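Participant: got a structure for you, letters missing:
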């Protein structure tokens, strides 16, 4: 239980109580801790929900309290191997998302290209050249927060969100890229559309991606895979 | 088989909800969890059976039972009446196990206070599980009855359990989730709770706006909200009070999105979560900060009562019908 973690990791460890039934832990080892908690659940923990470098642990307050949970989580963190065993570089899957950029399905593409100081073609090429990563899922079923955009591709969110964003919209917002699995309100800049289904209960795995997967956009023409 | 004659304002199949927020799927489940537990206990559905029932909202449905059943209605004080196949009317008492005969029509009316009630059926409603729950996710349209609220003509089956003598008991009033129009919600403060924000949130009474549904209840009244566009999206937890930039607080209910990017300075304590299901537009809400120790004591007090009632009813249905009924009082 000693010596496995660097001082830097301890320095950036933050526990936050969210009411009497949830504890948030901020740590650069969040993903490894999540894998550990899934492999060997802690008694009294009902759900572990990832975000970027953060886990929110929902627990049964009739079984334990936040202080006991924090102690248990510190123990788990101390026991994690130095190199995160659960996220080896080569093991992540890569999901290619075919996107029709611009047109009716990508109303903000030209604005985004201009904002980046690029032609539309160069903007699309730059976006497709990036390997993005699923940081975590959330917001609506199947929605993935994709990280890895270089600063020049990061777009400010809309001042006023659209009341309805069509399913399949490929969008950029702040540091994130994302694809809307279903029609919802949304405040990100929509640059294209994909026919890829992101939430389909008829599939064994209704959601095609999970945290840690790599994602690449590929430009296709409308009606085909290009 | 239950045939829906009139669907009511928003009647959905619900149960204890799901635990797959990590896939972006909201918790769902009955908005008044205490009413759900008590209604199921009254008809002999064990907690571990995760039995599904019908959550009714503001104006209830009319249901035609094609077979005999044992039902109970717990939650806001909805009116109800049974009419037999012969046209004879019978009163319908909430907070009790009520035998229904084949051909009976159960009409659940409106409620003068509160918003929701849970209709349990012995055996539990039989719809497919999605992500471990039979509850309806209205926004993403899955679970329950085809992912939507009931419509006239829908037919719902339930799983059969051996017939029993209905429990001769009613649920003690102190176990019932309080209904409005005035609510005090006990909350715990998070690190987002700056002194200014706390003073604003706890120093006034809010009115529940018309925008109150299973996702959240927007409170009328404005506080000076911090605005941080760079804030990261983080997981939501039940009972969070969000403060968006325009300053109208939102209390999150079971269908709320799994992650959010707004400050959440307060979280309603677990003991008071069932009360959120009874917030009705026009009700008044005050937010009262409590300590972790107070939250824990309140939860244990609440849970003790629920468990005693569940235990007493389980005892009844296990065959010890003459056992003293503790918090579920015998007739």
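Facilitator: Looks like it arrived, so ask away. Predicted model only: the values in this text are computed from it and were never measured.
Participant: skipping adjacent residues, who's closest to residue 37 in space?
Facilitator: I'll assume chain A. Of all residues not flanking residue A:37 in the chain, residue A:48 sits nearest, at 5.1 Å (Cβ to Cβ, 6 or more residues apart in numbering or on different chains). C-beta: built from backbone N, CA, C; applies to glycine.
Participant: switch to chain B, please.
Facilitator: Excluding its sequence neighbours, the residue lying closest to residue B:37 (Cβ to Cβ, 6+ apart) is residue B:306, at 5.8 Å.
Participant: returning to what we had before: which element, helix or strand, includes the residue nearest to residue A:37?
Facilitator: Assigned by DSSP states H and E, residue A:48 falls within strand A:45-51.
Participant: where do the helices sit along chain A?
Facilitator: Using DSSP state H, the helices of chain A run over A:7-11, A:30-39, A:66-79, A:109-116, A:120-129.
Participant: quick one: the nearest residue to residue A:105 once chain neighbours are set aside from chain B, how far?
Facilitator: Ranked by Cβ to Cβ, 6+ apart and with sequence neighbours excluded, the top spatial neighbour of residue A:105 is residue A:193, at 2.9 Å. Per Cβ to the nearest Cβ, to the nearest Å, residue A:193 is found 19 Å from chain B.
Participant: quick check: beta-bridge partners of residue A:193?
Facilitator: Legend: beta-bridge partners of residue A:193 under DSSP bridges are residue A:100, residue A:169.
Participant: same check, this time on residue A:56
Facilitator: Taking DSSP bridges as the rule, residue A:56 bridges to residue A:24, residue A:49.
Participant: contact partners for it?
Facilitator: Shown in contact with residue A:56 (Cβ atoms under 8 Å, 6 or more residues apart in numbering or on different chains): A:18, A:22, A:23, A:24, A:25, A:48, A:49, B:234, B:235, B:237.
Participant: residue A:152: which of those residues is nearest?
Facilitator: Distance to residue A:152 across those (Cβ to Cβ) is lowest for residue B:234, with 26.2 Å.
Participant: the closest one and residue B:257 touch, don't they?
Facilitator: No. The pair residue B:234 / residue B:257 is not scored as a contact, 11.6 Å apart, by Cβ atoms under 8 Å.
Participant: can you give me the buried ones in stretch A:54-63?
Facilitator: By 16 or more other Cβ atoms under 10 Å in any protein chain shown, the buried positions in stretch A:54-63 come out as A:54, A:55, A:56, A:57, A:58, A:59, A:61.
Participant: quote the end-to-end distance of it.
Facilitator: 23 Å (Cα to Cα, to the nearest Å).
Participant: stretch B:231-244 now?
Facilitator: Start and end residues of stretch B:231-244 are separated by 12 Å (Cα to Cα).
Participant: list the buried ones in that stretch?
Facilitator: Across stretch B:231-244, burial judged by 16+ other Cβ under 10 Å covers B:232, B:233, B:234, B:235, B:236, B:237, B:238, B:239, B:240, B:241, B:242, B:243.
Participant: contacting residues around the spatially closest residue to the fifth one that is not a sequence neighbour?
Facilitator: Right, the one you point to is residue B:236. Of all residues not flanking residue B:236 in the chain, residue B:260 sits nearest, at 5.0 Å (Cβ to Cβ, 6+ apart). Listed by Cβ under 8 Å, 6+ apart, the contact set of residue B:260 reads B:233, B:234, B:236, B:240, B:242, B:252.
Participant: now with 10 Å?
Facilitator: A:138, A:139, B:231, B:233, B:234, B:235, B:236, B:240, B:242, B:244, B:250, B:252 (Cβ atoms under 10 Å, 6 or more residues apart in numbering or on different chains).
Participant: what is the nearest of those residues to residue B:84?
Facilitator: Checking the contacts of residue B:260 against residue B:84 by Cβ to Cβ gives residue B:252 as the nearest, at 42.6 Å.
Participant: and the gap between that closest one and chain A?
Facilitator: The spacing between residue B:252 and chain A, counted by Cβ to the nearest Cβ, is 11 Å.
Participant: show me what contacts that residue?
Facilitator: Residue B:252 makes contact with B:26-27, B:215-217, B:236-242, B:260, B:264, B:267-268, B:276 under the criterion Cβ under 10 Å, 6+ apart.
Participant: strands - which of those residues land there?
Facilitator: The strands, defined by DSSP state E, take in B:216, B:217, B:240, B:241, B:242, B:260, B:267, B:268 from those.
Participant: no more questions from me, cheers.
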